[in-house]
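J.: fold the following.
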Amino acid sequence: QVQLVESGGGLVQAGGSLRLSCAASGRTFSSYVMGWFRQVPGKEREFVAVISWSGDRTDYGDSTKGRFVISRDNAKNTVYLQMNSLKPEDTAVYHCAATRVYLTVAGVYEYWGQGTQVTVSS
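T.: Residues are numbered from 1 along each chain as shown. The predicted model follows:
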């Protein structure tokens, strides 16, 4: 069982930056691939970024590539999402999630955090 708790969301102006954190419980954090997804009411959950078990591989969604950076610290059981050059369309609830396979599909992720709201004003 893995419990995930996100933090770092908030209100920011367009062009600004935010750093999200996701703290995981348990001693097996390094055995999980970690992903970030976001969701807007009425829309499907969107893939944002994924990072491999050791952090040596990352992938991003088309809308976040080049602006967002995912990283992890296995010693601290934490995954981060650095979000730069934020746009109003980045407004969403951001969730971190854990899975044992390196995929970008939300359906394979076993554990999810409750989410943190990010609002970008124009």
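J.: find the centremost residue of this structure, please.
T.: By C-alpha atoms, centre = their mean, the chain has its centre lying nearest to residue 36, at 2.4 Å.
J.: which residue, neighbours along the chain excluded, lies closest to it?
T.: Spatial nearest neighbour of residue 36, excluding adjacent residues (C-beta to C-beta, 6 or more residues apart in numbering): residue 48 at 4.1 Å. From N, CA and C alone the C-beta is placed, and that goes for glycine too.
J.: and the next helix or strand past the host helix or strand of that neighbour?
T.: Using DSSP states H and E, residue 48 falls within strand 46-51. The element immediately downstream of strand 46-51 (helix or strand, assigned by DSSP H and E) is strand 58-60.
J.: now for the strand holding residue 48, which elements pack on it?
T.: Other elements packing on strand 46-51 under the criterion 3 or more C-beta pairs under 8 Å, 6 or more residues apart in numbering; DSSP states H and E are strand 33-39, strand 58-60, strand 68-73, strand 78-83.
J.: would you turn these into CSV with distance to residue 95 and mean pLDDT?
T.: Shown next, in CSV, are those (distance: least, C-beta to C-beta, whole Å; pLDDT from 0 to 100):
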stretch, distance to residue 95, mean pLDDT
strand 33-39, 5, 98
strand 58-60, 16, 98
strand 68-73, 13, 98
strand 78-83, 11, 98
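J.: okay, residue 42: pLDDT?
T.: In the predicted model, residue 42 carries a pLDDT score of 94.
J.: with residue 15 instead?
T.: Looking at residue 15, its pLDDT is 98.
J.: nearest residue to it other than its sequence neighbours?
T.: residue 85 (6.2 Å).
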